[in-house]
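Asks: Need a 3D model of the following:
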Amino acid sequence: MKNFVVKTIANAGALAVAVWLLDKITLTGDSTGKKVGTLILVALVFGLVNFLVKPVVKVLTFPLFILTLGLITLVVNALMLLLTSWVCDKLDLSFHVEGFWTAVVGGLIISVVSWALNVVLPDGKD
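Replies: Numbering: from 1, shown residues only. Predicted coordinates for the structure are as follows:
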């Protein structure tokens, strides 16, 4: 359970960095508290999408992973971010990613920041 919380916090932090750096990834809210709450919910949706959908997509695109030496990972991450944006829209969360190339750059930012935060934050494995 502790590991799940740490990963969610890392995803929320990574999403916050992407929102901060890219104009076309938006998170709106009336107050800072509402934005933080929305960011946590978006991080949960993002984690769920990555847990449920990403493995299936990776299996289906395995030949492309080999052919592109793993660069297709950028496209898969972008698609997961766009799917998260779509799900958040359906759940009435104020998170939106505008365009595929924004999602590619956002996915790259989220991957790097999430990795760095997972290195720094404790994972609960003592």
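Asks: Over to the spatially most central residue of the chain. Which of the three states is it?
Replies: Centroid-nearest residue in the chain: Phe46, 4.9 Å away (criterion: CA atoms, centre = their mean). Classification of Phe46 by DSSP: H, G, I helix; E, B strand; the rest coil places it in helix.
Asks: could you measure it against Lys7, distance?
Replies: Computed with CB to CB, to the nearest Å, the distance linking Phe46 and Lys7 is 10 Å. Heads up, the C-betas are built off the backbone N, CA and C, glycines and all.
Asks: Likewise for Trp115?
Replies: Distance, Trp115 to Lys7, by CB to CB: 11 Å.
Asks: Neighbour count: these two, which is higher?
Replies: More crowded of Trp115 and Lys7, by other CB atoms under 10 Å: Lys7, with 19 against 12.
Asks: Tell me who's in contact with the more buried one.
Replies: Gly47, Asn118 (CB atoms under 8 Å, 6 or more residues apart in numbering).
Asks: rerun that using 7 Å as the cut-off
Replies: Residues in contact with Lys7 (CB atoms under 7 Å, 6 or more residues apart in numbering) are Gly47.
Asks: One more: Thr26?
Replies: Neighbours of Thr26 in contact, by CB under 7 Å, 6+ apart: Val19, His96.
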